[in-house]
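>>> Sharing a sequence plus its predicted fold:
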Amino acid sequence: MPVIPPDIAAVADYEPHARQRLDAAIWASITGGSADEHTVAENRAAFARIRLNNRVLADMSGAHTRLELCGQALEHPILLAPTAWHRLLHPEGEAATVMGASAMRAAMVVSAMASLPLEAIAKRATSPLWFQLYVQPDRAFTHALVQRAEAAGYGAIVVTIDAPVTLRNQEQRAGFRLPLGIEAVNLRGAQPPPPPKAAAHESEVFNGLLAGAATWEDIAILRARTRLPLLLKGIMTPADALKGIEIGADALIVSNHGGRVLDTQPASIDALPRIAEAVAGRVPLLLDGGIRRGTDVLKALALGARAVLVGRPVLHGLAVGGATGVAHVLKLLRTELEIAMAQTGCATLDAIGPEVIWRP
Ligand SMILES: Cc1cc2nc3c(=O)[nH]c(=O)nc-3n(C[C@H](O)[C@H](O)[C@H](O)COP(=O)(O)O)c2cc1C
Ligand SMILES: CC(C)CC(=O)C(=O)O
């Protein structure tokens, strides 16, 4: 059987094939979101609501998708979002993902919850790698982890700030558990958080789960401790964006975590324009959540993002075709972006402005 099923023409076509190959609980855990999953649906619905203007007969000679971001030259603005435990989806895990990303010259953000050592992933990369950090209750361990990423050649640190607690009902109903032998290997050796102090009638959340959660103070400390560009992932309001800039973030990722954290948040693409207005170009903005088409990438760039990240589709590609599947997902998105640029008369990413968005 060919690695890529012949009926795949678009990124979304990977979904049924991935579902067929995966255990039902693993499928629930990657597809699912928080609570009733309104935000998961909204991330897609919002892109579908945005209409585009075409522009005909533009001179597209010399057209390209190159950009510079956080001091790195990128071939195109489609990055791999950090996602946990790739060995759940393919026996080679992140080693396959990074080969697929490198084949498409895509920058990859490696999750703190990766199922392979960050150094082993870096060894296989020929395109830029950034490291995503969850601040651990053990702060000394957290800082040592950043140093490990620096030493292994990662080009930026992405601190995810929106997920100290989550509520994943679909995953719970499906009874998802990490299979034996798969774990967040890079977090081995961290001191566990202090055991919850809550008695039965007390709050498990305030007295237990949030023990050791990060605050803005931790971001300031991280900023001072790393020489690498620092990005904050999970910004959804102008107020948090401004706070992030004040504390020294080099770029911000507008993200609702793919609808996996606070249900009924708006779509990230709907939050973007106001954040872009408040930030006024002081730092680059990236966006994730619901990117499934090249036109989605174009819309995000038109509304103020410099680049986008893709989560679930990469996992679907990985489950179906390993490195080849990942590369194919990225290729499809990049080709669609180029087609959308041609159809809207934009020869470079800088030419993609608000005028490509249709206004009634
Ligand atoms: C299965 C899964 C695991 C994820 N793990 C992480 C993670 O470890 N760290 C993180 O910052 N975000 C994580 N995310 C969120 C993604 O980085 C990203 O924000 C989201 O998937 C984007 O939405 P999309 O899936 O619609 O593209 C995860 C998302 C999924 C679906
Ligand atoms: C372990 C999880 C918190 C990783 C994550 O960010 C996610 O599944 O969305």
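That came through fine. What you are looking at is a predicted structure, and each value in this text was computed from that prediction instead of being measured. Ligands and ions are numbered 1, 2, ... in the order given.

>>> Grab the nearest non-local neighbour of residue 284.
Closest residue in space to residue 284, ignoring its immediate chain neighbours: residue 306 at 4.1 Å, by CB to CB, 6 or more residues apart in numbering. Using the backbone N, CA and C atoms, a C-beta is placed for each residue, glycine as well.

>>> ok, now which ones touch that neighbour?
Listed by CB atoms under 8 Å, 6 or more residues apart in numbering, the contact set of residue 306 reads 67, 69, 77, 251, 284-286, 349.

>>> confidence score at the closest residue to ligand 1 within the chain?
Proximity of the chain to ligand 1 (CB to the nearest ligand atom) peaks at residue 311, 2.1 Å away. Looking at residue 311, its pLDDT reads 99.

>>> Check the burial of the residue in the stretch 201-350 of the chain that ligand 2 sits nearest to by counting its neighbours.
When scored by CB to the nearest ligand atom, the stretch 201-350 of the chain has residue 260 as its residue closest to ligand 2, at 4.4 Å. Around residue 260 there are 25 other residues, counting by other CB atoms under 10 Å.

>>> again, but for residue 202
Other residues close to residue 202 by other CB under 10 Å number 12.

>>> For residue 352, which residues are in contact?
In this structure, residue 352 makes contact with 298, 301-302, 341, 344, 346, judged by CB under 8 Å, 6+ apart.

>>> Just send the residues you listed back as a markdown table, with pLDDT too.
Listed next are the contacts of residue 352 as a markdown table, based on pLDDT from 0 to 100:
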| residue | pLDDT |
| --- | --- |
| 298 | 99 |
| 301 | 99 |
| 302 | 98 |
| 341 | 98 |
| 344 | 98 |
| 346 | 98 |
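
>>> Quick check: the residue of the chain closest to ligand 1 touching residue 288?
Yes. If you go by CB atoms under 8 Å, residue 311 and residue 288 touch, sitting 6.2 Å apart.

>>> how close does the residue nearest to the spatial centre of the chain sit to residue 355?
For the chain, residue 81 is the residue whose C-alpha lies nearest the centre (CA atoms, centre = their mean; 2.5 Å). As defined by CB to CB, to the nearest Å, residue 81 lies at a distance of 28 Å from residue 355.

>>> now swap in residue 217 and tell me
Residue 217 is 42 Å from residue 355, by CB to CB.

>>> again with residue 223
To residue 355, residue 223 is 36 Å away according to CB to CB.

>>> Also residue 73?
27 Å.

>>> neighbour count winner among those two?
residue 355 (14 against 10).

>>> excluding its backbone neighbours, what's nearest that one?
Closest to residue 355 by CB to CB, 6+ apart is residue 53, at 6.8 Å.

>>> Can you report how many residues lie near the one you found?
Residue 53 is flanked by 13 other residues according to other CB under 10 Å.

>>> confidence score at it?
Residue 53 carries a pLDDT value of 98.

>>> begin at 828 from here
Understood, numbering begins at 828; the last thing we discussed is residue 880.

>>> Could you double-check that it sits in contact with residue 1184?
Yes. Using CB under 8 Å, residue 880 makes contact with residue 1184 at a distance of 7.1 Å.

>>> Does the closest residue to ligand 2 within the stretch 828-977 of the chain belong to a helix, a strand or coil?
Residue nearest to ligand 2 within the stretch 828-977 of the chain: residue 911 (4.2 Å; CB to the nearest ligand atom). Of the three states, residue 911 takes coil under DSSP: H, G, I helix; E, B strand; the rest coil.

>>> sec struct for the nearest residue to it once chain neighbours are set aside, please.
With CB to CB, 6+ apart as the criterion, residue 911 has its nearest non-adjacent residue at 3.4 Å, and that residue is residue 940. Three-state call for residue 940 (three-state DSSP): coil.

>>> This completes my enquiry, with thanks.
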